[in-house]
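A.B. asks: Build me a model:
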Amino acid sequence: MQETGDINTSGNVIDWLSGYMRYVLDNNNFVNSLQNELEQVESYISIQNTRFSFNIVLIQNISPEVLFCAVPKMLFLTFVENTYKYARDGLSNVYLYINVRSVENRLEIQITDSGPGYPEEVIESVNEGKTIDGNGERIGLINIFERMKILYDGNVEYLIGNHKGHASAVITIPKIDIDAWKNRT
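C.D. replies: Residues are numbered from 1 along each chain as shown. A predicted model of the protein is given here:
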């Protein structure tokens, strides 16, 4: 970056990276407000977009009343990483859509990218709660879903699949305000 004379980009990456590292290394919180979690996703995507010859374009549709709800820390990271790893398919830009809304007393989170979609064996294995292989590959989705089951005492629903040919996940968790979560005993 600096070799090309783009000092501003270098400075931005350092700012994004330092903020992101503080967030990742904060071991005191297992949950975060949705608003803060989305800010971290934006920083992570900004960092990664400087590394690759293509960009992820993040499109968010978030109901304002859910911005201060508690969500698992790093909830979206696996999906963003999978988008970089699997969704490019020769495109110059890949779109990542995050939609979050309140449905009764729950949060419904939908994450979709514009890539070619999940292979059928991935859909089947993840939806059954199984890892895909024994080599430590393709375990990110299972890890996030298992972590949510622990955080929410099993009160989690998830389903991955392909929506109009693109990878998609729908996650439903209890709707809990971040301050109420922090005050839990």
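A.B. asks: Secondary structure class of residue 181, three-state.
C.D. replies: Taking DSSP: H, G, I helix; E, B strand; the rest coil as the rule, one finds residue 181 in the helix state.
A.B. asks: What about it, how many residues nearby?
C.D. replies: 18 (other C-beta atoms under 10 Å). Every C-beta, even on glycine, is put in place using the N, C-alpha and C of the backbone.
A.B. asks: That one and residue 32 touch, don't they?
C.D. replies: No. The pair residue 181 / residue 32 is not scored as a contact, 9.5 Å apart, by C-beta atoms under 8 Å.
A.B. asks: Tell me the helices and strands packed up against the longest strand along the chain.
C.D. replies: In the chain, taking DSSP state E as the definition, the longest strand is strand 93-103. Applying 3 or more C-beta pairs under 8 Å, 6 or more residues apart in numbering; DSSP states H and E, one finds that strand 93-103 makes contact with helix 34-51, strand 55-62, helix 77-86, strand 106-113.
A.B. asks: for those, which one sits closest to residue 165?
C.D. replies: strand 106-113 (10.5 Å; C-beta to C-beta).
A.B. asks: roughly how far apart are the residue positioned nearest the centre of the chain and residue 113?
C.D. replies: Closest residue to the average C-alpha location of the chain: residue 76 at 1.1 Å, with C-alpha atoms, centre = their mean. According to C-beta to C-beta, to the nearest Å, residue 76 and residue 113 sit 11 Å apart.
A.B. asks: got it, and residue 121?
C.D. replies: Computed as C-beta to C-beta, the residue 121 to residue 113 distance reads 19 Å.
A.B. asks: Okay, now the unreliable bits of the chain?
C.D. replies: 1-28, 89-91, 132-138, 185 (pLDDT under 70).
A.B. asks: hmm, 50 instead?
C.D. replies: Residue ranges of the chain with pLDDT under 50: 1-3, 5.
A.B. asks: shared neighbours, residue 181 and residue 32?
C.D. replies: residue 70 (C-beta atoms under 8 Å, 6 or more residues apart in numbering).
A.B. asks: ok, the residue nearest to the centre of the chain - contacts?
C.D. replies: For residue 76, counting by C-beta under 8 Å, 6+ apart, the contacting residues are 37-38, 41, 98, 111.
A.B. asks: Closest one to residue 160 out of those residues, please.
C.D. replies: For the contacts of residue 76, the nearest to residue 160 is residue 111 (9.2 Å; C-beta to C-beta).
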